[in-house]
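> how does the following fold in three dimensions:
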Amino acid sequence: MASVSISHLPLKVRIAVFFLSTLMNISRRRNGTLNRRLFDFFDLKAPPTPNPIDGVMSSDVTVDSSRNLWFRLFTPTISTSSTSLLPVVVYFHGGAFSFLSASSPPYEAVCRQLSRSIPSVVVSANYRLCPEHRFPSQYDDGFDVLKFLDLNGDALPDIADLSRCFLAGDSAGANLAHHVAVRVCQEELQRVKVIGLVSIQPFFGGVDRTESEIRLDGAPITSVGNTDWMWEFFLPDGSDRDHEAVNVTGPNGVNISAMNFPDTIIFVGALDPLLDRQRKYYDWLKKSGKKAEIIEYPNTIHAFYFFPELPQSSQQIYRVRDFVNQRLSQMK
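This is a model prediction of the structure:
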């Protein structure tokens, strides 16, 4: 296995990355189950904040209590006129479809910053996790959040404009956002209009190894051993990594050429083993006739956006803001 040096990262970040990677590894069992109690013991949940913190308040909204489907709603407390509406960003958290939640502190921080910086109303979806709930549970939950918003727009504040909606996500959440965008194209919604997709280090795979997977296999979080385990216990029994959920650009992927797929911005890191698959996703979107932009950060690991100590973290937020504002200006 190749060794990937992260010695250039601040000590605090290196310690956090080591701890997260170790916790994920020791939580996984060979029989395909998770020691979820162990992981959740360290994944301290952040409560909603009805009293604003850093200019943003939050609350939790139930979509379907029978499957614990809910979202955390982030609303900026900026001064707005009666005619000033804000875009809605529906965010899907990462964690390989197996870890973390909408109330995990890193996602509390990321969504709060998105809400404040754009500014926007952010809907952070909490979907079911595998291996307890396999494909397509996560995609069903993600799309059902949009259907809920479509039918229950009054669950959002009056300043939320569902006709200017963006899907966003990181890692597995970016994979989920892609597939929800496809479903939106296939099943028209009434009030929710998706006009952009923010894809942060999307989690894709395939049977054949890419050059970056081989060269960067020793990288934290998304090593080949980790991702193989995650896909094995996410997919239906008997499926391989060329399944349409995993290899969206592969032989079984859904053809989006004739779809009204939203304009997309993709963020990638040069030290992420998934790099080649993310670049291929960008190329595939362009070949499919869709508008896409890719932003690549050198010397950047998977999940860099978790760490405000890294300059790329704030840079990425500002690029998301610019992308959203550009799309909004094009809609006028």
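
> rest of the way, CA atoms for contacts and neighbours
OK.

> now for Ser329, how many residues are close by?
Residues lying near Ser329 (other C-alpha atoms under 10 Å) number 9.

> dihedrals phi and psi, it?
phi -70, psi -30 (degrees, to the nearest 10).

> what separation is there between it and Pro87?
Distance, Ser329 to Pro87, using C-alpha to C-alpha, to the nearest Å: 12 Å.

> could I get the full set of strands for the stretch 1-150 of the chain?
Secondary structure of the stretch 1-150 of the chain (DSSP state E, counting those that start in this stretch): strands located at 56-64, 69-76, 86-92, 121-126.

> and those as JSON lines, adding mean neighbour count and mean pLDDT?
Shown next, in JSON lines, are the strands of the stretch 1-150 of the chain (neighbours: other C-alpha atoms under 10 Å; pLDDT from 0 to 100):
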{"stretch": "strand 56-64", "mean neighbour count": "18", "mean pLDDT": "98"}
{"stretch": "strand 69-76", "mean neighbour count": "24", "mean pLDDT": "98"}
{"stretch": "strand 86-92", "mean neighbour count": "27", "mean pLDDT": "98"}
{"stretch": "strand 121-126", "mean neighbour count": "28", "mean pLDDT": "98"}
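
> so where is the stretch 1-150 of the chain shaky, pLDDT-wise?
The stretch 1-150 of the chain contains residues with pLDDT under 70 at 1-3, 79-83.

> the same query, at a cut-off of 90, please.
In the predicted model of the stretch 1-150 of the chain, residues 1-7, 9, 25, 28-33, 78-84 satisfy pLDDT under 90.

> flag every buried residue along stretch 232-246.
Judged by neighbour count (16 or more other C-alpha atoms under 10 Å), stretch 232-246 contains these buried residues: 232-235, 240-246.

> and the longest strand seen in the chain, what other elements does it pack with?
Longest strand in the chain, counting residues (DSSP state E): strand 160-170. With contacts taken as 3 or more C-alpha pairs under 8 Å, 6 or more residues apart in numbering; DSSP states H and E, strand 160-170 sits against strand 86-92, helix 172-186, strand 194-200.

> run through who's touching stretch 165-179.
87-97, 138-139, 142, 181, 192-204, 245, 303, 324 (C-alpha atoms under 8 Å, 6 or more residues apart in numbering).

> now stretch 16-23
By C-alpha under 8 Å, 6+ apart, the list of residues contacting stretch 16-23 reads 39, 220-221.

> from the residues you listed, which land in helices?
Judged by DSSP state H, the contacts of stretch 16-23 include Phe39 as members of helices.

> turn the contacts of stretch 16-23 into TSV, including distance to Leu167 and neighbour count.
Listed next are the contacts of stretch 16-23 as TSV, based on distance: C-alpha to C-alpha, whole Å; neighbours: other C-alpha atoms under 10 Å:
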residue	distance to Leu167	neighbour count
Phe39	27	19
Pro220	27	25
Ile221	24	24
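
> just give me the closest of the contacts of stretch 16-23 to Leu156.
Phe39 (31.7 Å; C-alpha to C-alpha).

> looks like that closest one contacts Arg28 (just checking).
No. Phe39 lies out of contact with Arg28 (C-alpha atoms under 8 Å); the separation is 9.5 Å.

> OK, contacts around Phe307?
Contacts of Phe307 by C-alpha under 8 Å, 6+ apart are 13, 313.

> same deal with Gln312?
With contacts defined as C-alpha under 8 Å, 6+ apart, Gln312 is in contact with 297, 300, 304-305.

> how about it, secondary structure?
When classified by DSSP: H, G, I helix; E, B strand; the rest coil, Gln312 comes out as helix.

> start the count at 17 instead of 1 going forward.
Done: numbering now begins at 17, and the last item shifts to Gln328.

> state the distance from it to Gly158.
Applying C-alpha to C-alpha, the value for Gln328 to Gly158 is 28 Å.

> please apply the same query to Pro252.
Taking C-alpha to C-alpha, one finds Pro252 at 18 Å from Gly158.

> which stretches of the stretch 17-166 of the chain form helices?
Assigned by DSSP state H, counting those that start in this stretch, the stretch 17-166 of the chain shows helices spanning 27-43, 52-58, 121-133, 153-167.

> what's the neighbour count on the closest residue in space to Thr226 that isn't next to it in sequence?
Residue nearest to Thr226 in three dimensions, not counting chain neighbours: Asp292, with 6.5 Å by C-alpha to C-alpha, 6 or more residues apart in numbering. By other C-alpha under 10 Å, 19 other residues sit near Asp292.

> I'd guessed Asp292 sits against Arg231; true?
No. Counting by C-alpha under 8 Å, Asp292 does not reach Arg231; the two are 10.8 Å apart.

> near Gly169, how many other residues are there?
16.

> who touches it in this structure?
Gly169 neighbours (C-alpha under 8 Å, 6+ apart): Leu178.

> separation between it and Phe322?
30 Å.

> same check, this time on His149
Using C-alpha to C-alpha, His149 is found at 26 Å from Phe322.
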